[in-house]
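# Show me the folded form of this:
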Amino acid sequence: MNKTEKNARLLSWLLSISMTLLGVSSLIFSVSSLAGFALPELLVKVLGVVSLVSLPVTVYSTVKKALDAKAASASAKKPAPGGRPAKKKKKKKR
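Prediction:
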């Protein structure tokens, strides 16, 4: 496995973990709000910190994956070194 594949796996892992943490904390807040019971203050603060840490990680890994995918598709479309793309001939109007 080369460095690019390892980086892609790490980004996927970071994205899935951060999205899971955001989802769980949102679910806990939503259920407690709908059920009408108050969460302990410590739990609210811990879930808030988890959400605040997970959000930038999610944004970073999503943007990085998108930029890597764009760079990979752009490099696949480049012509071979030294090669020039063929020019299209224009049709003359008569």
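# quick one, longest helix in this structure?
The longest helix of the chain (DSSP state H) is helix 41-77.
# so where's this protein shaky on pLDDT?
78-89, 94 (pLDDT under 70).
# Let's check: the centremost residue of it is which one?
The chain has residue 62 as the residue nearest its centroid, 1.5 Å off, counting by C-alpha atoms, centre = their mean.
# Residue 2 versus the residue nearest to that residue when sequence neighbours are not counted, what's the distance?
Leaving aside its sequence neighbours, residue 62 sits nearest to residue 15 (C-beta to C-beta, 6 or more residues apart in numbering; 6.4 Å). C-beta: built from backbone N, CA, C; applies to glycine. Relative to residue 2, residue 15 is positioned 20 Å away (C-beta to C-beta, to the nearest Å).
# more crowded one of the two?
More crowded of residue 15 and residue 2, by other C-beta atoms under 10 Å: residue 15, with 18 against 6.
# tell me the angle of whichever helix or strand the more buried one is part of relative to helix 41-77?
Assigned by DSSP states H and E, residue 15 belongs to helix 3-35. Counting by axes from the mean of the first three to the mean of the last three C-alpha atoms, to 10 degrees, helix 3-35 lies at 140 degrees to helix 41-77.
# So which elements touch helix 3-35?
Under the contact definition 3 or more C-beta pairs under 8 Å, 6 or more residues apart in numbering; DSSP states H and E, helix 3-35 sits against helix 41-77.
# Now do the buried residues in the helix it packs on.
Residues of helix 41-77 classed as buried by neighbour count (16 or more other C-beta atoms under 10 Å): 47, 51, 54, 57, 58, 61, 64, 65.
# Could I get these in JSON lines, plus columns for distance to residue 10?
Below are the buried residues of helix 41-77 laid out as JSON lines (distance: C-beta to C-beta, whole Å):
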{"residue": "47", "distance to residue 10": "25"}
{"residue": "51", "distance to residue 10": "22"}
{"residue": "54", "distance to residue 10": "16"}
{"residue": "57", "distance to residue 10": "12"}
{"residue": "58", "distance to residue 10": "14"}
{"residue": "61", "distance to residue 10": "9"}
{"residue": "64", "distance to residue 10": "10"}
{"residue": "65", "distance to residue 10": "10"}
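# Much appreciated, bye for now.
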